[in-house]
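Participant: Have a look at this prediction, sequence included:
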Amino acid sequence: MSVIRFDNTKSSTAHELVQKISDEVPRSVQIDILRETYPNGKIRGHDFFIGSLGGEAGESLKIDINPSSPHFMRGQDFNGGDGIGGIVKILMEARGMRLPEIKEMFGSYISEDTRKPVREPSWKMPNGGLNLNNLPTPPSPPAQEKVRIDANTQHNGQWDYISRDGEVLVTVRRYDIDGKKEFRPWIPGVSYPKAPEVRPLYNIPNILNEQRVVWVEGEKCAQALIEAGIPSTCTLGGAGALTRKNADKFDFTPLRGKDLVIWPDNDDAGRRLAEIVREVALDSDADSVTVLQPPSGKPPKWDAADAIEESFDVEKFITDGAGNTRRSINLLNDSLLISRFSGAAPIQQFLVDGTFPLGVPIIFAAAGDAGKGMMTLDLAMKVAEGKPMSNAFGGIVKEFGDVVIFTAEDDESEMHRRIERLDEAGNRFDYPNKLHVVPLPNVGGVFPILRENMGDYSETDEFKKIYEQIIQLGNIKLIVFDPLASFVHADVNADPAAGAALTGLLARVATETGASVLVCHHMTKVKDDAVISRPEQARNMIRGTSALVDGVRSAFALWQVDEKTSVGRCNDLGIQYERNRCFDGAVVKSNGPASRHIRHFIRDTFTGLLEDRTEQIQNLNQGNQAQARKDAMFSWIAACERDGRALCQMGGADSIFNRLSDADSPPSLSGMGESSIGRIVRDLIAERRIEKYSFSTSGGRKWLGTVNGVMSRGEYEAVTARDNI
């Protein structure tokens, strides 16, 4: 390997100039030029990767871009074994520039003592590398000289960037050299390729009076749309030119007040550039920005020009992309006035009736081992199945469509077992909608959706890539992340800023997709003697309550009921009692209408699913209460008969209703109305537990006694001073 350096050239003057360029040109400028020179390059940390000095994509060549490093702009080409030794070498190899041209290019940065003509250095060895110590090198065939591009070089296409006043600001020319496309910017009056200090948008005069403008990557795509009658623009330099660091060099002011539609190329570089364009356009006060997602099935690098060529319905594609729109806040126009709210307000739509609103982020919280994953899987399957009147989480599933579940802890085998238990009949093979189950342990591990970096919170590149696919699902209704903690590399439980960033991201996803975004989350462990009995208690037990629950539109909590209640419910239902079998749940937070009734869930021991048994349990409770009142009435009638203080059904001081104030009257009958008392008596008579008796031949049958008691045998002895005869 030979490390390319500039300290042993045949010209000391050239060496001094090269060294001055390396030392005096700001390192940020050198990095920008590197990225502009190699748009296919990738940055990881302080390293820049490219396939080779020729500029093709790849990672064979690594260049150090750490501004504080002593090896700045140096590196090694692992393909050929050659090294890299500075920005001058890069420009000479990649752009075919000569040292005098490079000197002129950087003239404003370097000091005067070397700003004089220099001899062209003889740097290259016959084998294409550079001389390390001027040692003899075995001769080899001379390397093919690079084509030098100057103002007179024949080009294969030209696009003029024109100002508002019709002045040519910069011209971009395309050169097809040795089968490769190369682009060079030319400023009027400058004899070498150079981009202007402030880089304009393309097609400025024609977009100024348009409300909707389409941004594409490159002049070829922009011109294809323009010729199809669609106002379009692009930025200078392609995918590698615009970065967050140099965005201030690009003039986006012609987009102020406009609705921008971004059509990226179908590759990673295009997606990254689209996100930067979105940010810069919003910062430049565009009214709204929509990022289109290339349709599934399109080949890599598919772009607007390809779409025009294949007679793709471009207008429909642009119009249908409005769901992924971000708007800027502008209080200087009337777009946000209250008067825009006219006509009937939209009705709140629910994924699960009264429980989960559609199109909002939702937290589903429970203690560990409660069965959250099984409940969300069951809901997902019912949303995809589309079967009317299906019940989930205590409500009726109202919306049906595509679903995506991301599971961070359950692998493919576990998900298969759960699905098999929930769908023994195999109905899943005929679902009308798509249910995507993504067990992350089997597909490369968990990806974060949010990451903290030096106090700044942002969505990750991994999530952006997956989210672009989600956006393309045409009828998405539910997105599940289970559990939340695995998808966030920030302390959302303790840091309000992290919680706000997360809920803001989830809200954007829900709004742009129209789906309910359900995140499974843990509840704080309770002490052994603590019991949750009310939704308010459950809400306060959700981890990170202030940061998370307050930031979402809806929250549902699930908690285990106490052992005594669990045993009673199992006995009433005629099932075997087991720990962890009986749970209550409720909506504990909602920003809109919702059913806040407590639902009662019982675990199915075969599937493991917590099923809503609320109505059955309530009916049993009501039946148990009715039976208890009936038994209490019978016991009271029997005791009064036995003690000579008989009761009568209606009228007089000895009527049951009047005697409810007696000290021995059953507490369960307290407060009941006369009609309810009469109904209980009629039921007891119908069941042949009591009868009405008379104590004289002329008296009516009004006294209440048991069927086999002393009244039935004529042995009753009255001891009261009331109406007893």
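Facilitator: In hand now; what should we look at?
Participant: ok, which stretches of the stretch 251-400 of the chain are helices?
Facilitator: 268-283, 304-309, 314-320, 372-385 (DSSP state H, counting those that start in this stretch).
Participant: Point out the most buried one among these.
Facilitator: helix 372-385 (a mean of 23; mean count of other CB atoms under 10 Å). In short, each C-beta sits where N, CA and C put it, glycine included.
Participant: that older thread, let's have the helices of the stretch 251-400 of the chain in CSV, adding distance to residue 504.
Facilitator: Formatted as CSV, these follow (distance: least, CB to CB, whole Å):
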stretch, distance to residue 504
helix 268-283, 15
helix 304-309, 31
helix 314-320, 25
helix 372-385, 23
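Participant: can you list those helices in a markdown table and add distance to residue 326 and mean pLDDT?
Facilitator: Converted to a markdown table, these look like this (distance: least, CB to CB, whole Å; pLDDT from 0 to 100):
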| stretch | distance to residue 326 | mean pLDDT |
| --- | --- | --- |
| helix 268-283 | 6 | 88 |
| helix 304-309 | 21 | 94 |
| helix 314-320 | 16 | 87 |
| helix 372-385 | 27 | 96 |
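Participant: quick one: which of these is nearest residue 682?
Facilitator: helix 372-385 (44.7 Å; CB to CB).
Participant: one step back: so which of the helices of the stretch 251-400 of the chain gets nearest residue 172?
Facilitator: helix 304-309 (15.3 Å).
Participant: Run through who's touching the closest one.
Facilitator: Residues outside helix 304-309 that contact it (CB atoms under 8 Å, 6 or more residues apart in numbering) are 214, 216, 220-222, 224-225, 227-228, 232, 263, 298, 312, 314, 317.
Participant: before we move on, what about stretch 208-225?
Facilitator: 157, 159, 164, 172, 202-203, 207, 230-235, 238-239, 254-255, 258-265, 270, 273, 277, 281, 303-305, 308-309, 314, 318.
Participant: Go through those residues and flag which are in strands.
Facilitator: Cross-referencing the contacts of stretch 208-225 against strands under DSSP state E gives 157, 159, 172, 232, 233, 259, 260, 261, 262, 263.
Participant: Where neighbours are concerned, which of those residues has the most?
Facilitator: If you count neighbours using other CB atoms under 10 Å, the busiest of the ones in strands among the contacts of stretch 208-225 is residue 263, which has 29 neighbours.
Participant: In contact with that one: list those residues for me.
Facilitator: By CB under 8 Å, 6+ apart, the contact list for residue 263 reads 214, 215, 216, 217, 221, 292, 303, 304, 318.
Participant: Turn these into JSON lines, columns for distance to residue 508.
Facilitator: Below are the contacts of residue 263 laid out as JSON lines (distance: CB to CB, whole Å):
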{"residue": "214", "distance to residue 508": "22"}
{"residue": "215", "distance to residue 508": "20"}
{"residue": "216", "distance to residue 508": "24"}
{"residue": "217", "distance to residue 508": "24"}
{"residue": "221", "distance to residue 508": "27"}
{"residue": "292", "distance to residue 508": "17"}
{"residue": "303", "distance to residue 508": "26"}
{"residue": "304", "distance to residue 508": "26"}
{"residue": "318", "distance to residue 508": "21"}
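Participant: Show the subsequent helix or strand relative to the helix or strand containing residue 214.
Facilitator: Using DSSP states H and E, residue 214 sits in strand 212-216. Following strand 212-216 in sequence order, the next helix or strand is helix 219-227 (DSSP H and E).
Participant: Quick one: low-confidence residue ranges for the stretch 251-400 of the chain.
Facilitator: 322-325 (pLDDT under 70).
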